[in-house]
Structure formats: structure tokens, C-alpha cells
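Trainee: quick one: sequence plus predicted model below, questions after.
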There are 12 protein chains.
Amino acid sequence: MDNTEVENDYVVVRALGENVQIVGLTRGDGTKPQHTENLHAGEVMLLQFTRNISAIKIRGNAQIYTKHGLVPCGSEE
Amino acid sequence: MDNTEVENDYVVVRALGENVQIVGLTRGDGTKPQHTENLHAGEVMLLQFTRNISAIKIRGNAQIYTKHGLVPCGSEE
Amino acid sequence: MDNTEVENDYVVVRALGENVQIVGLTRGDGTKPQHTENLHAGEVMLLQFTRNISAIKIRGNAQIYTKHGLVPCGSEE
Amino acid sequence: MDNTEVENDYVVVRALGENVQIVGLTRGDGTKPQHTENLHAGEVMLLQFTRNISAIKIRGNAQIYTKHGLVPCGSEE
Amino acid sequence: MDNTEVENDYVVVRALGENVQIVGLTRGDGTKPQHTENLHAGEVMLLQFTRNISAIKIRGNAQIYTKHGLVPCGSEE
Amino acid sequence: MDNTEVENDYVVVRALGENVQIVGLTRGDGTKPQHTENLHAGEVMLLQFTRNISAIKIRGNAQIYTKHGLVPCGSEE
Amino acid sequence: MDNTEVENDYVVVRALGENVQIVGLTRGDGTKPQHTENLHAGEVMLLQFTRNISAIKIRGNAQIYTKHGLVPCGSEE
Amino acid sequence: MDNTEVENDYVVVRALGENVQIVGLTRGDGTKPQHTENLHAGEVMLLQFTRNISAIKIRGNAQIYTKHGLVPCGSEE
Amino acid sequence: MDNTEVENDYVVVRALGENVQIVGLTRGDGTKPQHTENLHAGEVMLLQFTRNISAIKIRGNAQIYTKHGLVPCGSEE
Amino acid sequence: MDNTEVENDYVVVRALGENVQIVGLTRGDGTKPQHTENLHAGEVMLLQFTRNISAIKIRGNAQIYTKHGLVPCGSEE
Amino acid sequence: MDNTEVENDYVVVRALGENVQIVGLTRGDGTKPQHTENLHAGEVMLLQFTRNISAIKIRGNAQIYTKHGLVPCGSEE
Amino acid sequence: MDNTEVENDYVVVRALGENVQIVGLTRGDGTKPQHTENLHAGEVMLLQFTRNISAIKIRGNAQIYTKHGLVPCGSEE
């Protein structure tokens, strides 16, 4: 296991409503859900892309802080 | 498997309408669809180019956050 | 296969009209079409230069987002 | 053990109310809580992503200082 | 074959008139035309310097997007 | 022992009141207090993340100088 | 002994009053005072983090020049 | 043959009049013309320094786009 | 002996009064004076941190040019 | 022969009058003229420092484009 | 002998008066004068830190150009 | 012989009067003149630090273009 993996960029998801879902999708030949994390209103999650996850899908009212700016999610705007 | 792959850039797709499709096209000698992800209105997806995917095609009303700026997709503008 | 290939730059093509064609031309001794992707109006494609492709030709009404700025394609301006 | 791991980025959590929880989630095939740290009002924690932790979940009234800016957590805004 | 070759810079040629010619000249001891690509009005080509090509000659009415700015080609100005 | 460890970033804690506590938490599988340093009012401590410490918890009235800005700690604001 | 250690960042302590103390704390499993340097009013000390020292504690009226700005120490402000 | 050679800087020559000559001079112990390329009015050439060429001489009315700015050639100014 | 040591940063001490002392303190387990240089009024010394010296103490009226700015030493301000 | 040599910086000489001379002086133990290139009025030369040449002497009315700015040569100013 | 040594930073000393002395002090366990260069009024010297020299002392009326700015030496100000 | 030496910085000397002397002083244990180049009024010399030369002394009326700015030499100001 190579420690360089911990040097990756991270994004921040801030749940504005209940039932915000963060789904990590697997890297590689297939692209399947690997893990789903649920956030309650007000909770914040910081997460990295990893060896196992190359795509992240987010559902529910939330704000996503990324290097491309603040991205609204759900009906919130 | 080399962990440096997780250091790649990512783009963000924000679905504005229903049935937004994100199609990953395979890297290499052929260029074929590898995976299709469907987003509902309001959902957001963060995704990287990978060892397997060197092109991404997006259909439906969406906003795409990239290092070249915000790119509108579909009839939305 | 070296994963460093996935660290390359990408461009974004946004189709403004029907029948936008993106043709990947092969790298190396010859320069031949390797793959043609067709976009419908409103569709967006993100694509990288790869081991196989060192030139990309685009036809039809489109906007091309590159590191040298936004390049109009076709009759659109 | 490679020392390069200590070169990672860090974030700062400042608890504004009681019972702020910082949960480190494990990197790798599974994504499970690895450690939970509780902060009292006024306490501050500086923390890094590590070999073991690729996601961090935060609950309670707090401010999170990140490279994407200051992210409010909980009911505080 | 080393993948680092795909990390090179690219230029963009936008044809303003018919019969724009892009000629790749060979790298190395001799400097001979290796490939000629013809663009119709409105077509756009993105191209890299490669192992085989160290010079590019362009004829006809076109705009060339480069890191040194936008270079007019042909009678257009 | 690799000297690259001494190249890490440092933060600065300035105690504004008595009994400022700086607790280093261990890196790795567990996350336990490794060392606690107490500062009197007016004292300043400069400290790095190390091979042994991946999180730092601070209690009491203090100002923390970090790359994300100046973070107040305790009742001070 | 690797010379890269001499490439580290340095901080500057300027004593404003008598009896300014600079205490180097040891890197590694324990965190103990390794060396104490006393400055008289007006004296200046430039110091690096080293293989042996990962934390520095300063007492007395002084100004500390760091990459996070100028940090006052002691009663001075 | 090392592909790093294709990562070099390039300059752009835009012919304003007829008979613009671009002469590549050889690298190494001798400095002799290696190749001469002729441009007609309006033609543009993009070219790199290579393993074989360390100097380039240009004659005729032209504009040369370089990292040091736009350099006029010939009687044009 | 590795030449990389000569790539280190340097600071500049400008003596404003007589008897400016620059004391180099040894790197490593102990921290002892290694060398003392005396400057007369108006003299300037440029000096690097080295394999042997990780801290520098300065006494007397002087100005110290560092990457953190200009630091006054002694009674001068 | 290492290709990294082709990555060096280049300067541009623009002859304003007749008989501009560019003399390459040899690198190494001796410093002797290795090659002299003559430019006519209006001609431009782009040239690199090489394995063989570590100094360049220029005579006559010319403008020299360098990373330190535009340097006039000869009586021109 | 490693050529990387020639990549070091340089400083510039401009003598404003007669008898400007530049003394190179030896790197390593001892710190002794290694070489003294005398400049007459108006002369300029460019010099690098080297394998042998880690400190430079300057006496007399001069201006010293460094990366920390222009440092006056001697009675000149 | 390592080609990295040709990647060094260069300075530019522009002679304003007759008899401008550029003296290269040897790197290493001794510091002796290695080569003297004479410039006539209006001549320009571009030169690098090399394996053999770590200091350069300039006499006469000249302007020296360096990364620290434009340095006057001789009586000219």
C-alpha cells in the first residue's frame, strides 16, 4: 500500500436537508456502488477519491465544495 | 495497480432535468461505451478520467463544472 | 500500461446543432481516423488526447472549450 | 512506514457548541468508522487525512476551515 | 512506447475558408512532410507535436490558437 | 529515519489565557493522545505534524495561526 | 546524514524584553525539551525545525516572524 | 529515442510577404544549415528546437511569436 | 559531500553599529555555538544554514533581511 | 546524447543594420570562439545555449530579446 | 564533481567606493576566510554560494543586490 | 559531461564605453581569473555561470541585466 494515495484532493459535502446520500462508485472495469453514506441536515462530510472510488454521486439538498467552486445539489439553489 | 491514478482531475455534473446520462467511453484501441450512469433532476456526480475511460459523453439538461469553466448541456443555457 | 496516461489534459466539445462529428486521428507514423463520435444538439463530450490519438478533428456547429480559450466550430460564432 | 504521509493537507474544526463529533471513516474496500473524537464548545482540532482515513464526517455546531473555504456545520450559519 | 508523449501541448486550428492545409513535418535528420490534413470552412482541428512531427505548416484562411496567442493565417486578419 | 519528515508544515498556537492545552493524537490504527503540552498566557508554540501525530486538539483561550487563516480557540473571538 | 535537512523553513524570534526563552522539543515517540536558548532584549534568533526538533515553545516578550505572519509573544501586542 | 524531446517549446512564424526563409542550424560541434523551409505570404509555421537544431535563422517579412514577445522580421515593423 | 547543500536559502545581516555578533549554533543532538563572526558598523554578511548550523543568534544593532521581511536587531528600530 | 539539452532557454537577436555578428564562445576550460553567424539587416536569429556554448557575444546594430528584457546592441538605442 | 552546483543563486555586489572587500568564508566544521576579492569604485562582481563557501562578508561602500532586495553596505545609504 | 549544466541562468552585459572587461573567476578551492573577455562600446555579451566559473567581475562602463534587476557598472549611472 502506497501512502501517496493520501495526498489526493478532497471535496466537502454539507447537508442542507435530511437524507443526503453520498454514493461512492467503484474504479476500474465495472462502475458499481461501493459505499453509501447518509447525512442528516447540518452534517458535513469531507471525502477523497481513493484507489477504490473514482466517482461520487450525491442526492438530496446539499452544497458541494469543490475546486471548481460551490455546486448546489437537490432543489436548493 | 498504481495509486497515482487517484490523483487525476475530476469534473462535476449537476443534473437540472430528469434523465441526464453520463456515458464513459473506453480508452485505447477502441472507443466504446463502458458505463452509463443516469442522474435524476438535482443529483450531482463527481467523476474522474481513469485507466479505463478517456472520454465522457453527457446528454440531458445539466451543468458541467470543468477546469475550462461551466459548460451548459442540453437545452438549458 | 502506465496510469500516467490518465493525467492528461482534456477538452470539452458542446454541440450546438445536429450532426457534430468528433474524429480522433491516430498518433504515430500514419495519421488515420481511429474513431468518430457523433453528437446531437445539446450533447457535451469531454475527451483526452491518448496513447492512440494525437489529433482531433471537429465538424458541425459546436463550441470547443480548450486551454487556449473557447473556439467556435462551424457556422456558429 | 513512509514519512511522506505526514506531508498531507490538514483541515481545522472549531466547535461552536457542545458535542461536536468528528468521525474518521476508513480508507479501502470498506468504509467504516475508525475513530470518533468529541469536542466541547470552543475546542479546536487540526486533522489530516491518513493512510487509514479517507473520509471525515462532522456533526454539531462547528466551523470547518478547508482549502475550499470556511464550511459551516450544524445549525450555525 | 512511452505514454509521456501524450502529455504534450496542443494547438488549435480553426478553418475560416475552404482548403486549409495542415502539414506535419518530420522530426529528426530530415524534415519532410509526413501528413497533410485538409479542413473545410468551419472545421476545427486540435493537434499535438509528436515523436514524429516537430514542425507544422499551415496554409489557407484560418485562425491558430497557440500559447503565444491567436495567430492569423492566410489573407484573414 | 528519513529527514524529509522535517519539511512539514507547521502551525502556531498563541495562548491568550492560562491553561491552554495542546494534545497530539497518534497517527495510525488507533488515535490516542500521545503528548499534552500546557501553555501559560502569552506563551507561543510552533508545532509540526509528525510521523507520530496526525491530529492536534487545542483547549483554552488561544489563537491558532494556520494556512487556512487565524482560528480562534476558546471563548475568545 | 542527509543534507536535505538544511533545506527546511526557518522562523525568526526577536526578543523585545529580557529573558526570552526558546525551548526546542524533541521529535518522535516522546516530546521532551531538548535545548533551551535564552535571548536578551534586542537579540534575534533564526532557527529551523530539525531531525531532532518538531516543536518550539517560546516565553517572554518577543515577536515571532513566521510564514503565517508576525506572531506576538508575551504581554506585548 | 526519448519522447521527452516532444515536450519542448515552440515558436510560430507568420509570413507577411513572399519568400520567407526559415533555416534550421545544427546543434553540436559545428553549426551548419540543416534544413531550409520556404513560406509564401500568409502561411504560418510552428516549429520546435530539436535534438538536431539549436538555432533558427529567419529571413523575409514575417512576424515571429516567441515567449519573449512578438518579434518583427524583415522590413515590416 | 552532497552539493545540494549549497542550494539553501540565505539571509543578510547588515551591521548598523559596532560589535555585531553572529553566532552559528550547531545542528543535531546538542545545540552549541560553532562559530562567532563579528561585524563592524556598515559591514554586511550573507550566510546560509548549513549541515552544521541550524540556528543563528544575532546581537547588536543590525538589520536582518529574511524571507519573512526585514527584522530589526538591537536597540535600532 | 541527452535530449534534455533541447529544453533550454533561447534568446532572439533581431538585426537592425548590416553585419550583425553573433559569436558563440566555448564552454569549459577554455573560452574560445566556436562559431560566428552573420545577420543582414532585418534578419532574425533564435538561439540556445548548448553543451558547447556557454557565452554569446553580439556586435552591430541589433535588438536582443531575453528573459531580462529587450537589450539594445550597437549604436541603436 | 556534480554540475548541479552551478544552478545556485547569485548575488551582485556593486562597489561605490574604493577598497570594497568581498570575503568568502568556508563551509563546514570551521568557518575561515577562503578568498578575498577587492573591488575598485564602479566595479561589479556577481558571485554564487559554492561547495566551499557558505558565507560572504562585505566591507566598504557598496550596494548588494539580493533576493531579499537591495542592501546598502558601508557608510552609503 | 552532464548536459544539465546548460540549463543555468544567464546574465547580459552591455558595454556602454570602450574596454569593458568581463573576468570569469574559477570555482572551487582557489578563486583565480580563468578568462577575460573584452567588449567594445555597444557590444553585448550573454554569459552563464559554469562548472568552471562561479564568480564574474566586470570593469568599465556597462549595464548588467540580472534577475535582481539592471545593475550599472563603472561611472555610468
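Mentor: All right, it came through fine.
Trainee: what about chain A, any weak spots by pLDDT?
Mentor: In the predicted model, chain A carries pLDDT under 70 at residues A:1-7, A:76-77.
Trainee: strands of that one, start to end?
Mentor: A:10-15, A:20-26, A:33-39, A:44-48, A:53-59, A:62-66, A:69-73 (DSSP state E).
Trainee: need those strands in a markdown table (columns: mean neighbour count).
Mentor: Quick note: C-beta positions are derived from backbone N, CA and C, even for glycine. Output for the strands of chain A, formatted as a markdown table (neighbours: other Cβ atoms under 10 Å in any protein chain shown):
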| stretch | mean neighbour count |
| --- | --- |
| strand A:10-15 | 24 |
| strand A:20-26 | 20 |
| strand A:33-39 | 16 |
| strand A:44-48 | 23 |
| strand A:53-59 | 24 |
| strand A:62-66 | 22 |
| strand A:69-73 | 18 |
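Trainee: who's in contact with residue A:56?
Mentor: Counting by Cβ atoms under 8 Å, 6 or more residues apart in numbering or on different chains, residue A:56 makes contact with A:11, A:22-25, A:47, A:49, B:45-47.
Trainee: kindly report the same for residue A:34.
Mentor: Applying Cβ under 8 Å, 6+ apart, we find residue A:34 in contact with A:24-26, A:52-53, D:29, D:31.
Trainee: related to what we said a few turns ago, any chance of a markdown table for the contacts of residue A:56, columns distance to residue F:15?
Mentor: Below are the contacts of residue A:56 laid out as a markdown table (distance: Cβ to Cβ, whole Å):
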| residue | distance to residue F:15 |
| --- | --- |
| A:11 | 34 |
| A:22 | 38 |
| A:23 | 44 |
| A:24 | 41 |
| A:25 | 46 |
| A:47 | 34 |
| A:49 | 38 |
| B:45 | 46 |
| B:46 | 41 |
| B:47 | 46 |
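Trainee: tell me the one of the residues you listed nearest chain I?
Mentor: residue A:11 (32.8 Å; Cβ to the nearest Cβ).
Trainee: and chain A, which residues reach chain B?
Mentor: Counting by Cβ under 8 Å from any Cβ of the partner chain, the residues of chain A lying close to chain B are A:2, A:4-5, A:7-9, A:11, A:25, A:27-31, A:48-51, A:54-59, A:62, A:64, A:66, A:68-69, A:71-75.
Trainee: change it to 7 Å
Mentor: A:2, A:4-5, A:8, A:11, A:27-29, A:31, A:49-51, A:54-59, A:64, A:66, A:68-69, A:71, A:73-75 (Cβ under 7 Å from any Cβ of the partner chain).
Trainee: tell me the bridge partners for the closest residue to residue A:38 other than its chain neighbours.
Mentor: Counting by Cβ to Cβ, 6 or more residues apart in numbering or on different chains, residue A:38 lies nearest to residue A:21, which is 5.8 Å off, once chain neighbours are set aside. Here residue A:21 shows beta-bridge partners residue A:38, residue A:59, assigned using DSSP bridges.
Trainee: touching, residue A:21 and residue A:61? I think so.
Mentor: No - using Cβ atoms under 7 Å, residue A:21 makes no contact with residue A:61, being 11.2 Å away.
Trainee: which residues does residue A:19 contact?
Mentor: A:38, A:60 (Cβ atoms under 7 Å, 6 or more residues apart in numbering or on different chains).
Trainee: distance of it from residue A:45?
Mentor: 14 Å (Cβ to Cβ, to the nearest Å).
Trainee: how near is the residue nearest to residue A:38 to residue A:40?
Mentor: Separation of residue A:21 from residue A:40 (Cβ to Cβ): 11 Å.
Trainee: same thing with residue A:16?
Mentor: 11 Å.
Trainee: more crowded one of these two?
Mentor: It is residue A:16, of residue A:16 and residue A:40, that has more neighbours when counted by other Cβ atoms under 10 Å in any protein chain shown, with 17 against 11.
Trainee: find the nearest non-adjacent residue to that one, please.
Mentor: Take residue A:16 and drop its neighbours on the chain: the residue closest to it by Cβ to Cβ, 6+ apart is residue A:61, 4.3 Å away.
Trainee: number of residues surrounding the one you found?
Mentor: Using other Cβ under 10 Å, residue A:61 has 19 other residues around it.
Trainee: what's it in contact with, if anything?
Mentor: A:16-17, A:20, A:73-76.
Trainee: picking that back up, and the contacts of residue A:34, which two are the farthest apart?
Mentor: Largest separation among these by Cβ to Cβ: A:25 and D:29, giving 14.1 Å.
Trainee: for beta bridges, what are the partners of residue A:46?
Mentor: Bridge pairing for residue A:46 - DSSP bridges - gives residue A:12, residue D:56.
Trainee: rewinding a little: farthest-apart pair in the contacts of residue A:61, please.
Mentor: The span of these, defined through Cβ to Cβ, is set by A:20 and A:75 at 12.1 Å.
Trainee: nearest to residue K:36, of the contacts of residue A:61?
Mentor: Set against residue K:36, the nearest of those by Cβ to Cβ is residue A:73 (69.7 Å).
Trainee: grab the nearest non-local neighbour of residue A:40.
Mentor: In space, and not counting its chain neighbours, residue A:40 is closest to residue A:18: 6.0 Å by Cβ to Cβ, 6+ apart.
Trainee: over to residue A:9?
Mentor: Using Cβ to Cβ, 6+ apart and skipping the chain neighbours, the partner closest in space to residue A:9 is residue A:67 (6.5 Å).
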